[in-house]
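Novice: Predicted structure and sequence below. I'll ask about it afterward.
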2 protein chains.
Amino acid sequence: MGALAIHPVVGLPEVRPGDVLAALITAACGHEGGPGLADGDVVVVTQKVVSKAECRVVDLDPGDAASRRRLVESEAVRVLRRRGELLITETAHGFVCANAGVDLSNVARGRAALLPLDADRSARRIRDGLRARAGVEAGVVVSDTFGRPWRRGAVDVALGCAGVAALVDLRGCADALGRTLEVTEVALADELAAAAELVMGKAAGVPVAVIRGVDPAWLREASVRAELVRPPAEDLFR
Amino acid sequence: MGALAIHPVVGLPEVRPGDVLAALITAACGHEGGPGLADGDVVVVTQKVVSKAECRVVDLDPGDAASRRRLVESEAVRVLRRRGELLITETAHGFVCANAGVDLSNVARGRAALLPLDADRSARRIRDGLRARAGVEAGVVVSDTFGRPWRRGAVDVALGCAGVAALVDLRGCADALGRTLEVTEVALADELAAAAELVMGKAAGVPVAVIRGVDPAWLREASVRAELVRPPAEDLFR
């Protein structure tokens, strides 16, 4: 396998409700100095612009802690832990994250972004749009920034995907010495999301990246919810 | 910020106890078709070859479950969860991972690799060696493959680092709309490890990758243990 390139996509306008993200991405990739789009690319799109395009931004007075807590609780199906204003929650999608994904950064003051209702569907819609508008067969990952237990700092993970595997199953593969592998399932979509974050920067406002050079075997129908969300019954920490 | 390139480093020999990894990496990067090494590169090295070079590989009969459990327990300071043969453990370094990092893949049959005693020090040693041998000022991340709760599949994370930040603190930064950011600390070294895994492949036996084009502001003295390991007192899941 050769080198991988990760290109930030700059020049997207502020996304408004109803915007067609595939059109904005196609235009921005085609700007002078942009990476363009090619078959086999994986386009990573942050949740924030997806939520804006899909009208998942609501009013919220940032000083009103009670309203904020009610909003978080309405987006959560379960609260796993609570410390002060921080709630570690399970969402209806099965994601475990802080405050049910309700996020006040990178939205207008007095507004809060909620997670997309179905980020796999969001990714499919962008993928289909890139096929129609740019004529390319690309994978798409919708990413968000989650904390985790045991380790400080947040990393970007996948909320949804289309046209690129969420999980790569290596069971039955041999390692370089011919032994069966111990770690057999790699969360590919999460690694793609984390890699894309390296060129985005939380403060820089780059909501899209193009990853070029991925293994063609990874490009297939897939779903984060079906492949990456661990059912509570097989989870040791719920 | 421009594009990032992630190069697999192929052609490393099977690593033996006492090998100088910086010498092997410098040679492999310089092979025809190799990426070379340049100031500002981040070199990601998998734990397995670090453990081999540092004599952290021990005898273990793969069929002897009792010996294996004793070995895991001797590497762990605490067992958080237990299910069948799987133990979720805290190691002396403060890492929470499966089976205290004891791993039978990609080592000879009848052997098991343990985690490096101090992977930050391992990273510094490689960084110093690259400076001396290749004349470059590079960052180094020592990576390993960890599972996580709530999400299926493993991702690569950082066990140690040198010359590149483990955690990037954005507190006080404004987002693209001038609001204070909600997520303020990014686990940079973990994202670099995850990105590098994309060109390594568990089965392909590529233990090193070179990431070129990172933000120069990230290149500083750092430590995974000091920055990324979350003290139990601030952890909601221990």
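Specialist: Nice, I can see it. Numbers count the residues shown, from 1 in each chain, chains lettered A, B, ... in the order given.
Novice: per-domain residue ranges of chain A.
Specialist: When chain A is parsed with automatic domain parsing, its domains come out as A:5-54+A:116-229, A:57-115.
Novice: Okay, and residue A:24 sits in which element?
Specialist: helix A:21-30 (DSSP states H and E).
Novice: Residue A:222 falls within a helix, correct?
Specialist: No - counting by DSSP: H, G, I helix; E, B strand; the rest coil, residue A:222 falls outside a helix, being coil.
Novice: for the domains of chain A, which one ends up most surrounded?
Specialist: domain A:5-54+A:116-229 (a mean of 21; mean count of other Cβ atoms under 10 Å in any protein chain shown). Yep, even glycine has a C-beta here, placed from its N, CA and C like the rest.
Novice: What is the least confident helix or strand in chain A?
Specialist: One helix or strand of chain A scores below all others by mean pLDDT, DSSP states H and E: strand A:168-169, with a mean of 90.
Novice: right, is the very next helix or strand once past it up against chain B?
Specialist: Downstream of strand A:168-169, the next assigned helix or strand under DSSP H and E is strand A:185-186. Yes - interface with chain B: strand A:185-186 contributes A:185-186 (Cβ under 8 Å from any Cβ of the partner chain).
Novice: From the rest of the structure, what touches strand A:185-186?
Specialist: Residues outside strand A:185-186 that contact it (Cβ atoms under 8 Å, 6 or more residues apart in numbering or on different chains): A:167-171, B:145, B:152-155, B:197, B:202.
Novice: mind checking the SS state of the residue sitting nearest the centre point of chain A?
Specialist: By Cα atoms, centre = their mean, the mean C-alpha position of chain A lies nearest to residue A:143, the distance being 1.3 Å. Using three-state DSSP, the structure places residue A:143 in strand.
Novice: how far away is it from residue A:25?
Specialist: 14 Å (Cβ to Cβ, to the nearest Å).
Novice: quick one: common contacting residues for the two?
Specialist: residue A:45.
Novice: so the biggest helix by length in chain A versus helix A:21-30, what angle?
Specialist: Looking across chain A with DSSP state H, the single longest helix is helix A:119-134. Relative orientation of helix A:119-134 and helix A:21-30, computed by axes from the mean of the first three to the mean of the last three Cα atoms, to 10 degrees: 50 degrees.
Novice: who's in contact with helix A:119-134?
Specialist: Contacts of helix A:119-134 (Cβ under 8 Å, 6+ apart): A:20-23, A:25-26, A:29, A:37, A:43, A:45, A:47, A:50, A:54, A:93, A:116, A:136-142, A:159-163, A:223-226.
Novice: picking that back up, can you add distance to residue B:15 and give the contacts of strand A:185-186 back as JSON lines?
Specialist: Converted to JSON lines, these look like this (distance: Cβ to Cβ, whole Å):
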{"residue": "A:167", "distance to residue B:15": "29"}
{"residue": "A:168", "distance to residue B:15": "25"}
{"residue": "A:169", "distance to residue B:15": "27"}
{"residue": "A:170", "distance to residue B:15": "22"}
{"residue": "A:171", "distance to residue B:15": "26"}
{"residue": "B:145", "distance to residue B:15": "17"}
{"residue": "B:152", "distance to residue B:15": "30"}
{"residue": "B:153", "distance to residue B:15": "27"}
{"residue": "B:154", "distance to residue B:15": "22"}
{"residue": "B:155", "distance to residue B:15": "23"}
{"residue": "B:197", "distance to residue B:15": "18"}
{"residue": "B:202", "distance to residue B:15": "17"}
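Novice: Which single one of these is nearest to residue A:73?
Specialist: Closest approach between these and residue A:73, by Cβ to Cβ: residue B:152, at 26.6 Å.
Novice: Good, we can wrap up now.
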